[in-house]
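Peer 1: Return a 3D structure for these sequence lines:
(chains A and B)
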Amino acid sequence: MQKILLYILGFLAFNFSLFSQHDLEHTSEQEVVELHEGKSLKETIKENIQHHLQDSHDFVFFSDSETGKHYGFSLPVILWDDGLKVFSSSKFHHGETLAEVDGNFYKLYHNKIYKVDVEGTINYDEHHHPTNAKPLDFSITKGVFSIIILAAFMLWFFIGIAKSYVKNNGVPKGAAGFMEPIILYIRDDIAIPNIGEKHHARYMNYLLTVFFFVWFFNMIGLTPLGINVTGNIAVTFALAIITFLITQFSANANYWKHIFWMPGVPVPMKIILAPIELLGVVIKPFALMIRLYANISAGHIVLMSLIGLIFVFHNWIGSSLTFFLAFAISLIEVLVALLQAYIFTMLSALYFGFAVEEHDDH
Amino acid sequence: MDKLISDFSFGLFFWQTILFIGLLLLLRKFAWKPILNAIKEREEGILNSLESAKNARKEMQNLTADNERILKEARNDREDLLKEARSMRERMIDEAKGEAQVEANTLIAKAKESIETEKQAAITDLKKQVANLSIGIAEKLVKEELASKDKQVKLIETMLKDVKLN
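Peer 2: Numbers count the residues shown, from 1 in each chain, chains lettered A, B, ... in the order given. Alright, predicted model coming up:
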């Protein structure tokens, strides 16, 4: 969450260095000591990255480690623990205090809520995993909040485009003019070649929604808002499972025949192929989930590490070089954002294509 | 793998699924359907327009061909008409010429006849006048030579003789 702070400091450090290197070293050392309270700079950066990659219960744009002040807003926490418990995440004070609700105490530990006693003790097993009870957490976290906002934006944006088509007699104008080539690309170069002219229309809704959802969230992830939604395994799992379910429920007899009784091969091969094919059914969406999660997480880790490096090198050659490297990686990440959205959509279309493939297509 | 499972947040999964399906259904109804329909309609419209333009061009070509054919026919007709008119004119001129010739011949014949008649009349008249003149001359001579009867007779006879000779 301190990405933006680091960004700003990076700029400042770079500018100061032009005036006096001595000054910079002086201030940097002071900052290291004062900002990170005894922890080394590298550890702080690592923690920041870890923190950023995970979902959190409050929306913090940036925080000041010196004063311990967080700039952002708290979000509702919704727990199911022998009844619905709803309270504001401000009760946790960013993990510094316990939240007491209806006589129960909850502690925020590594972005997860644990039920604790009044002292807030956490018991660990031999792998240093907490053994405390975890209530079912349906909180409106930063990720959920971002999804709600983006979903609202997408509704507003695409319904606006739909209206502009009606108003302008089917002529794309404004945002519609920008989005139409993308929509046409998804239809003509993703859906139709993979699914086929006959069946593609009923998958278009999903393909368009998932493409824009993933693309927009990938792009938002690159802004200094510090939102990481498509780099979260729960989100990619949800998307992959929807693709999986759509594939299975729209599959025709031919698809199942190819899985359980592969045509055109001898009977022993049929028996060997069946479990492999069945495994493939699960592996395909699993790969879809991991691919998106890993690519986006990796991008965020690399980018944040490079920004962190600006502070590790506190000299103007190293810092400025890392700054340009971070800038270059940012540009690559813009490409990756689009590419991953494309790959997710493309592979979903490919799987739908397998499901509706007809026998005479071969 | 262990980290993936421990990172997995069921709450986020739950909300993501609900929100995404909600978004999908709303977008399907209010955005994708109208957008895709508009695009499809426009594409079909373009196809139809191209088709009709092609047809129009074909019709145009047919029309041009028709026009040319009609023009050619009209030209032929005109030529035929002109030829006919020309031949008719010649025929009429010829006829007129023939009629004029006949008329002229008649007129000439009539003129000749009347000239002949006039000539005959003039000759007769002249003869009468000559006779009268002769009688006058004779009278005068008679008056002079009336004395002698013999002379009178002789003279008359001589004169008549001369007349006849004339």
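
Peer 1: Can the helix or strand B:D94 falls within be said to contact chain A?
Peer 2: Here B:D94, judged by DSSP states H and E, is contained in helix B:33-144. Yes. Helix B:33-144 reaches chain A (CB under 8 Å from any CB of the partner chain) through B:33-36, B:38-39, B:41-42, B:45. For glycine as for every other residue, the C-beta is placed from the backbone atoms N, C-alpha and C.

Peer 1: For those, which entry has the maximal number of neighbours?
Peer 2: When neighbours are counted by other CB atoms under 10 Å in any protein chain shown, B:I35 leads the residues of helix B:33-144 next to chain A with 27 neighbours.

Peer 1: isn't that residue right up against A:I161?
Peer 2: Yes. Counting by CB atoms under 8 Å, a contact exists between B:I35 and A:I161, whose distance comes to 6.1 Å.

Peer 1: Could you tell me which residues touch both of the two?
Peer 2: Common contacts of B:I35 and A:I161 (CB atoms under 8 Å, 6 or more residues apart in numbering or on different chains): A:A176.

Peer 1: Now do stretch A:329-343: everything it contacts.
Peer 2: Contacts of stretch A:329-343 (CB under 8 Å, 6+ apart): A:190, A:211-212, A:214-215, A:218-219, A:221-222, A:230, A:291-292, A:295-296, A:299, A:302-303, A:306.

Peer 1: Mind checking which of the residues you listed are in helices?
Peer 2: A:211-212, A:214-215, A:218-219, A:291-292, A:295-296, A:299, A:302-303, A:306 (DSSP state H).

Peer 1: Can you tell me which of those residues are classed as buried?
Peer 2: Buried by 16 or more other CB atoms under 10 Å in any protein chain shown: A:211-212, A:214-215, A:218, A:291-292, A:295-296, A:299, A:302-303, A:306, out of the ones in helices among the contacts of stretch A:329-343.

Peer 1: Include pLDDT when you put those into CSV, please.
Peer 2: As requested, these are exported to CSV (pLDDT from 0 to 100):
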residue, pLDDT
A:F211, 96
A:F212, 96
A:V214, 96
A:W215, 96
A:N218, 94
A:R291, 94
A:L292, 94
A:N295, 94
A:I296, 93
A:G299, 93
A:V302, 92
A:L303, 91
A:L306, 90
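
Peer 1: Go through the residues you listed and name the one nearest chain B.
Peer 2: A:F212 (8.6 Å; CB to the nearest CB).

Peer 1: Touching, that closest one and A:A151? I think so.
Peer 2: No. Applying CB under 8 Å, one finds A:F212 not in contact with A:A151, separated by 10.7 Å.

Peer 1: could you check the distance from A:L288 over to chain B?
Peer 2: Distance of A:L288 to chain B, given as CB to the nearest CB, to the nearest Å: 14 Å.

Peer 1: With A:N315 instead?
Peer 2: 35 Å.

Peer 1: State the number of residues packed around that residue.
Peer 2: 13.

Peer 1: same thing with A:H128?
Peer 2: 6.

Peer 1: With the one 4 residues further on instead?
Peer 2: When neighbours are defined as other CB under 10 Å, A:N132 has 19 of them.

Peer 1: just B:S52 next, same as before
Peer 2: The burial count for B:S52: 10, using other CB under 10 Å.

Peer 1: list the contacts for it?
Peer 2: Taking CB under 8 Å, 6+ apart, one finds nothing in contact with B:S52.
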